[in-house]
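Enquirer: Give me coordinates for this.
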Amino acid sequence: MSETTWLVRTAHTHEFTPQELAAIHDLLDKAFGGDFGDEDWDHSLGGVHTVLYDSDGAPVAHGSVIMRRVMHGGRSYRVGYVEGVAVRAELRRQGLGDLVMGVLEGVIGRAYDLGALSASDAGAALYRSRDWQLWRGRIEAIGPAGVVHLPDEEDSTFLWAGSAAEKLPEPSKALVFDWRDGDVL
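Expert: This next block holds a predicted model:
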């Protein structure tokens, strides 16, 4: 039995053609059952993408990491925020999400203070298996009217500091994310 070989491409948003971006957007929309809106797509853009392609050149898995600012305990962190992690339905549970995350973690480890993401219930097991830590503290965001508490995000936000887990912030103080349209996290 031969093993499938995937073409792996890691590139900044600006390096993809409009047609390539449309194909990735379509993959994400299908992978999330039609629940991947324009604001979700916008959150996935402007950073580094890792895309796995099949032998026909169709994207089968994707994830991106974009820069966000997170304040904690009087410090502002440069955070590599993971977005749009998805695998085509018929190819799930074959290690493709793990492969995508491995590449993205390499980007985070070389370019950011730490990584962060908001996981769905279905995706949480992948992140836990890769040593992402569930944040046990308060989550807030700086909004147009000031700091806003986001209690719904407090059971789905994960942080990653690679092998330097001691770099993770102390959960006794809130993580305060920068604001963006749509779902803030």
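Enquirer: quick one, phi/psi of the residue positioned nearest the centre of the chain?
Expert: For the chain, the residue nearest the mean C-alpha position is residue 82 (1.6 Å; C-alpha atoms, centre = their mean). Residue 82 adopts backbone torsions of phi -80, psi 130, taken as degrees, to the nearest 10.
Enquirer: repeat for residue 54
Expert: Note on residue 54: its backbone torsions stand at phi -80, psi -180 [degrees, to the nearest 10].
Enquirer: what about it, how many residues close to it?
Expert: 15 (other C-beta atoms under 10 Å). All C-beta atoms are positioned from the backbone trio N, CA, C, and that covers glycine.
Enquirer: same check, this time on residue 5
Expert: When neighbours are counted by other C-beta under 10 Å, residue 5 registers 8.
Enquirer: circling back to that earlier point, which residues pair with the closest residue to the residue nearest to the centre of the chain other than its chain neighbours across the strands?
Expert: Leaving aside its chain neighbours, residue 82 sits nearest to residue 117 (3.9 Å; criterion: C-beta to C-beta, 6 or more residues apart in numbering). Counting by DSSP bridges, residue 117 forms beta bridges with residue 158.
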